[in-house]
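# Predicted structure and sequence below. I'll ask about it afterward.
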Protein chains: 2
Amino acid sequence: MEALPALSVPVTIYDIAREANVGIGTVSRVFNNHPSVSEETRRRVLTVAAHFNYHPHPYARGLARKRTNAFLAVIPFFTTFFFLEILHGVQSALADGETDLLLHGVSHPDHAEPSLRRVSSRGRFDGILYFSMRLPDDFVQEVKQLKVPLVLVDAYHPDFDSFSVENVVGARQATAHLHALGHRRIGMLAANLESLPARERLSGYRQGLEEAGIAYDASIVLSSTSPRLDGFTRETGYELMGRFIAMGSRRPSAVFVSSDVQAAGALMAVQDAGLRCPEDFAIIGFDDIALAGHIGLTTMRQPLVEMGRLAVQRLNERLATPDLPITQHSFVPELVVRRSCGSGSPSAPELTTTQLTYSHA
Amino acid sequence: MEALPALSVPVTIYDIAREANVGIGTVSRVFNNHPSVSEETRRRVLTVAAHFNYHPHPYARGLARKRTNAFLAVIPFFTTFFFLEILHGVQSALADGETDLLLHGVSHPDHAEPSLRRVSSRGRFDGILYFSMRLPDDFVQEVKQLKVPLVLVDAYHPDFDSFSVENVVGARQATAHLHALGHRRIGMLAANLESLPARERLSGYRQGLEEAGIAYDASIVLSSTSPRLDGFTRETGYELMGRFIAMGSRRPSAVFVSSDVQAAGALMAVQDAGLRCPEDFAIIGFDDIALAGHIGLTTMRQPLVEMGRLAVQRLNERLATPDLPITQHSFVPELVVRRSCGSGSPSAPELTTTQLTYSHA
DNA sequence: CGTCGCGGTGGAAGCCCTTCCAGCTCTTTC
DNA sequence: GAAAGAGCTGGAAGGGCTTCCACCGCGACG
């Protein structure tokens, strides 16, 4: 260990063993924190390793251990804001620095399959995080056969662990909030009802009305028929809001919009019509993506960051104990008051992150 | 090859070789598209492989080939909108399905280093995409010594390939646009001038004024002193816009804001003051993140998707030909007219993606 | 009719680790 | 004083692939 680190560029475990006068087994044990290495030897090995800037080769390790220390995240790129936050949580849970994240952006829900093909190639990752998309049936088979643990986020399948959100409850609460603010004529601007979340949110809205003792009025419930992203787009929000505005005196005084992105469009429509938001229309969204803060939108928060974090945690647990019973976690969204409904503080941009609550399903 | 795929779960190249009555070398050649395999043998091997759902083990491959087929993306998570789009481009360039993307979110610019430590562990990826952050000096050393190709996106360093944006030119054009719309009293809302992009955009603004024959007036140039994200936040936009509003009759009629995020805050301030945007203030941003579309912000587009795509392409080129001369690409931002400046179509959310232009540095 | 070359092919060696078994040196125990 | 452990350690085998060298058969060539 006299010389400078002039060893050939790829420093291997053999180099370290030789320089430290130990066997390769011992070096390996040191790097795996195996207890049966004397303190003195351990220190010597570590010194030499640091000196040569040695790091075990991850692939060699993976091959020998039959473990990759990487997770695959299959994520829809089209719901931009949404997954971003979840990813944030995922990252922070991975911060141990031991596990890597492999990203697989899917640019269209129907294009998930091709990129899933690669999953069949065992040996790239230890587990899968699957976001917001329906799980194709043959993929389910494949994953189960390969015995790769998979955790669903913002999605549901009976055979896998999942973390999702109580759409019905959230929508009910949103409606209740509008009611509590004094609104009696509350409309809903829904996404394409072909999609489950859209239907659930509509259903929650109806429950909310019922609890408030308000009769359901189909004329102030507009839903998108757009197939694109199931209608969860700014464009549908803009267009449908225009129809509300055109109703004149028969229009609702408040609208529950089924997503923040749509609500952004709705807000633009209101502005374009020369109307103002808390005053002429109260608008509440759903999701609490970062955009909501930027435009002062009152909305129902989904604990996205937390969901990401817990999903990783769950994956680790399942890796450690494969036959854990499957659990389905379900979060209750939380009201975030900004200014689009007129209540709460004005609009000084808030910096705080509120606590989140959740419950078991 | 009579039996069902009842081979032990991990199917190896040996299994396939045996079942297809060939040597492992031949199987390997088939999977690597080596020319010297007879058509007949190739077909037979592929049939058997498909039958047993065989895929070469990526780690074993990586170990033997000394190549990982993965890129590392080091990305700031705090500039959410921004990197998202770039990532989109990266993904699409990776769509060949051969290369994987390893994600490394950095939640604070100062925290890049710890996560970079892992870079020293050779053998995890073949190349690095480094986004929007300053490259720490010791990291530069390390990367160069390890000879891992690195491409910078939205950042610059003389020793590496990079793709960035002409901040000066873009800011000049933004200013020119305001001038063309008839504005003569044009202010600027800048980020923290400690940061280079902030300074460049200010400098472009001044050039723009000069070209328009307007004298520079320091009283209507406000800059943030916030250290947080170098002042590129909604909060600074809100606050500084408030100061403009408070100027009464001496206030500018148009404001060039140094980023879309800040512009979002500025728009909120305008609204909160009971003023309206194209009418009382023309506001132009910079970046064209997705948010800009959602709030109808006129802005200077950076071709983010394209940058991501080209960065990947460049990395591949450099991998193929390591001693290519270093190139620094620089894009000229493009004006995207929405409604915050009052010109152009009203605000029906646009769906089109405009062409982008770019030039060599 | 030998020799060359070429399209194909088999498989050993090597990539860099982990793991397991054997073995070594001291203590401890009866 | 022998036997049995306890505490460490060395290194072969194995993980699944690529690559290279050796080799085989056969048509072409002189």
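Okay, I see it. Values in this document were obtained by computation on a predicted structure and should not be read as measured data.
# Do a quick rundown of the helices in the stretch 101-250 of chain A.
A:112-117, A:137-146, A:167-180, A:196-212, A:234-245 (DSSP state H, counting those that start in this stretch).
# could you dump the fourth one to PDB, C-alpha only?
Taking Å, rounded to 0.1, in the frame of the first residue of the first chain, the C-alpha atoms of helix A:196-212 are listed here in PDB:
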ATOM      1  CA  LEU A 196     -63.600   5.200 -12.300                       C
ATOM      2  CA  PRO A 197     -62.200   8.200 -10.400                       C
ATOM      3  CA  ALA A 198     -64.500  10.500 -12.300                       C
ATOM      4  CA  ARG A 199     -67.500   8.300 -11.300                       C
ATOM      5  CA  GLU A 200     -66.400   8.100  -7.700                       C
ATOM      6  CA  ARG A 201     -66.000  11.800  -7.400                       C
ATOM      7  CA  LEU A 202     -69.500  12.300  -8.900                       C
ATOM      8  CA  SER A 203     -70.900   9.800  -6.500                       C
ATOM      9  CA  GLY A 204     -69.200  11.700  -3.600                       C
ATOM     10  CA  TYR A 205     -70.700  14.900  -4.800                       C
ATOM     11  CA  ARG A 206     -74.200  13.400  -4.800                       C
ATOM     12  CA  GLN A 207     -73.600  12.100  -1.300                       C
ATOM     13  CA  GLY A 208     -72.500  15.500  -0.200                       C
ATOM     14  CA  LEU A 209     -75.600  17.100  -1.600                       C
ATOM     15  CA  GLU A 210     -77.800  14.600   0.100                       C
ATOM     16  CA  GLU A 211     -76.200  15.200   3.400                       C
ATOM     17  CA  ALA A 212     -76.700  18.900   2.900                       C
END
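# list the buried ones in it?
For helix A:196-212, a neighbour-count test (16 or more other Cβ atoms under 10 Å in any protein chain shown) marks A:197-202, A:204-209, A:212 as buried. C-betas here are computed from N, CA, C, even on glycine.
# quick one on the thing from earlier: turn the helices of the stretch 101-250 of chain A into TSV, columns for distance to DNA strand C.
Formatted as TSV, the helices of the stretch 101-250 of chain A follow (distance: least, Cβ to the nearest atom of the strand, whole Å):
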stretch	distance to DNA strand C
helix A:112-117	25
helix A:137-146	21
helix A:167-180	44
helix A:196-212	43
helix A:234-245	50
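# Tell me which of those helices lies nearest to residue A:161.
Minimum separation from residue A:161 across those (Cβ to Cβ) falls at helix A:137-146, 12.2 Å.
# Please identify the buried residues of that closest one?
Applying 16+ other Cβ under 10 Å to helix A:137-146 flags A:139, A:142-143, A:146 as buried.
# Skipping adjacent residues, who's closest to the spatially most central residue of chain A in space?
Closest to where the C-alpha atoms of chain A average out (Cα atoms, centre = their mean) is residue A:86, at 3.1 Å. Nearest residue to residue A:86, sequence neighbours excluded (Cβ to Cβ, 6 or more residues apart in numbering or on different chains): residue A:308, at 4.0 Å.
# Likewise for residue A:326?
Nearest non-adjacent residue to residue A:326, counting by Cβ to Cβ, 6+ apart: residue A:161, 5.6 Å away.
# and the one you found, what pLDDT?
Per-residue pLDDT puts residue A:161 at 96.
# do you know how far it is from residue B:226?
41 Å (Cβ to Cβ, to the nearest Å).
# ok, those two, which is more surrounded?
residue A:161 (22 against 16; other Cβ atoms under 10 Å in any protein chain shown).
# mind listing what's buried in stretch A:279-292?
Neighbour counts over stretch A:279-292 (16+ other Cβ under 10 Å) mark A:281-292 as buried.
# Stretch A:55-66 too?
In stretch A:55-66, counting by 16+ other Cβ under 10 Å, buried: A:55-63.
# And the contacts of it?
A:10, A:12-13, A:28, A:31, A:68-69, A:123, B:57, B:59-60, B:62-63, B:68, B:120-124 (Cβ atoms under 8 Å, 6 or more residues apart in numbering or on different chains).
# re earlier: is the residue nearest to residue A:326 in contact with residue A:318, as I believe?
Yes. Counting by Cβ atoms under 8 Å, residue A:318 is a contact partner of residue A:161 at 6.7 Å.
# Need the overlap of contacts for those two.
Joint contacts of residue A:161 and residue A:318 (Cβ under 8 Å, 6+ apart) are A:149, A:151.
# and the residue of chain A found nearest DNA strand D, helix, strand or coil?
Per Cβ to the nearest atom of the strand, residue A:25 is where chain A lies closest to DNA strand D, at 2.2 Å. Per DSSP: H, G, I helix; E, B strand; the rest coil, the local secondary structure of residue A:25 is helix.
# Average pLDDT for stretch A:10-28, rounded please.
Rounded mean pLDDT across stretch A:10-28 is 93.
# how about low-confidence regions in the stretch 51-200 of chain A?
A:78-81, A:108-122 (pLDDT under 70).
# now, which of the buried residues of stretch A:55-66 lie within helices?
With DSSP state H as the criterion, helices contain A:58-63 from among the buried residues of stretch A:55-66.
# mind listing the strands for chain A?
Using DSSP state E, the strands of chain A run over residues A:70-76, A:100-106, A:127-131, A:150-153, A:161-165, A:186-190, A:221-223, A:254-257, A:282-284, A:299-301, A:328-331, A:334-336, A:358-360.
# Can you say which of the ones you listed is packed in most?
When those are scored by mean count of other Cβ atoms under 10 Å in any protein chain shown, the highest mean neighbour count falls to strand A:254-257 (a mean of 29).
# Sheet partners, orientation included, of that one?
Strand A:254-257 pairs in its sheet with strand A:186-190 (parallel), strand A:282-284 (parallel), by DSSP bridges.
# out of those, nearest to residue A:296?
The nearest among the strands paired with strand A:254-257, by Cβ to Cβ, is strand A:282-284 at 10.2 Å.
# Many thanks, have a good one.
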